[in-house]
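> return atomic coordinates for the entry below.
(2 chains)
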Amino acid sequence: EAGVVQSPRYKIIEKKQPVAFWCNPISGHNTLYWYLQNLGQGPELLIRYENEEAVDDSQLPKDRFSAERLKGVDSTLKIQPAELGDSAVYLCASSQGDSYEQYFGPGTRLTVT
Amino acid sequence: AQSVTQLGSHVSVSEGALVLLRCNYSSSVPPYLFWYVQYPNQGLQLLLKYTSAATLVKGINGFEAEFKKSETSFHLTKPSAHMSDAAEYFCAVSSYNFNKFYFGSGTKLNVKP
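Here you go, the predicted structure:
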């Protein structure tokens, strides 16, 4: 089966510009996660969806970050405007229900100049 | 609150030598513990998990880990390192319902020929 798909894989933008990341989870996985991974650090949860509902967005910086998961399948994470400190890898993961096993995508590496 | 500490951001071993990657956790309740591996430019992949069954857990690629409650540790070991084991390894702890994962900062394993 296909894994978690993310695009783009790499993105370079200037500060203050908007940027969007897309994630397609594994078919049938109703739980979707967006993580932020700074260089030399482990992933940190930004937002978790169960179907189309954001059930945990407590760590999402809502002044500039937004996310959506229309129809409970694909998801988009947006940053507007981007700041230099947003340079990181953005990981998407999915799981089936309450399963402990999360499947991670390859990530989008964002560089803000 | 839950947290994970990985001692040693870089570990270097010779091919065929023992691999030992350290992980200590702090948790107010009995935790679930995980080890993930991340190869360059790829997402995280689950190596093994502890979910309150056997304290010695075997995973993929010959890795195993032992849950020691008295030491609040979950160290990852492999008897004989292979060149293909070179990657970054993350320890993680989750809540009982797997809703939230807390990752350590990672340990990069280098395997010398």
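> measure B:Q2 to chain A for me?
To chain A, B:Q2 is 12 Å away according to Cβ to the nearest Cβ, to the nearest Å. In short, each C-beta sits where N, CA and C put it, glycine included.
> likewise B:T72?
For B:T72, the distance to chain A - Cβ to the nearest Cβ - is 18 Å.
> residues of stretch A:13-24 that come out buried?
A:13, A:19, A:21, A:23-24 (16 or more other Cβ atoms under 10 Å in any protein chain shown).
> is chain B contacted by that stretch?
No - residues of stretch A:13-24 contacting chain B under Cβ under 8 Å from any Cβ of the partner chain: none, with a closest distance of 11.0 Å.
> span of that stretch from start to end?
23 Å (Cα to Cα, to the nearest Å).
> need the residues that contact that stretch.
Stretch A:13-24 has contacts (Cβ atoms under 8 Å, 6 or more residues apart in numbering or on different chains) with A:4-8, A:11, A:32, A:34, A:73-84, A:90, A:92, A:105, A:108, A:110-113.
> whichever of these end up buried, select them in PyMOL.
Buried subset of these, written as a PyMOL selection, criterion 16+ other Cβ under 10 Å:
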select buried, chain A and resi 4+6+11+32+34+73+75+77+79+82+90+92+105+108+110+112
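> related to what we said a few turns ago, would you list the buried residues of stretch A:13-24 in JSON lines and tack on distance to B:S94 and pLDDT?
Formatted as JSON lines, these follow (distance: Cβ to Cβ, whole Å; pLDDT from 0 to 100):
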{"residue": "A:I13", "distance to B:S94": "33", "pLDDT": "97"}
{"residue": "A:V19", "distance to B:S94": "29", "pLDDT": "98"}
{"residue": "A:F21", "distance to B:S94": "24", "pLDDT": "97"}
{"residue": "A:C23", "distance to B:S94": "21", "pLDDT": "97"}
{"residue": "A:N24", "distance to B:S94": "24", "pLDDT": "97"}
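> which among those residues gets closest to chain B?
Among these, A:C23 lies closest to chain B (Cβ to the nearest Cβ), at 11.0 Å.
> where does the chain have low pLDDT?
The chain I'm using is chain A. Applying pLDDT under 70 to chain A picks out residues A:1, A:98.
> chain B is the one I meant
Checking chain B against pLDDT under 70 turns up B:1, B:28-30, B:98.
> who's in contact with the residue nearest the centre of chain B?
Ranked by distance to the mean C-alpha position of chain B (Cα atoms, centre = their mean), the top residue is B:W35 at 3.5 Å. Counting by Cβ under 8 Å, 6+ apart, B:W35 touches B:21, B:23, B:46-49, B:59, B:63, B:65, B:74, B:76, B:89-92.
> good, wrapping up.
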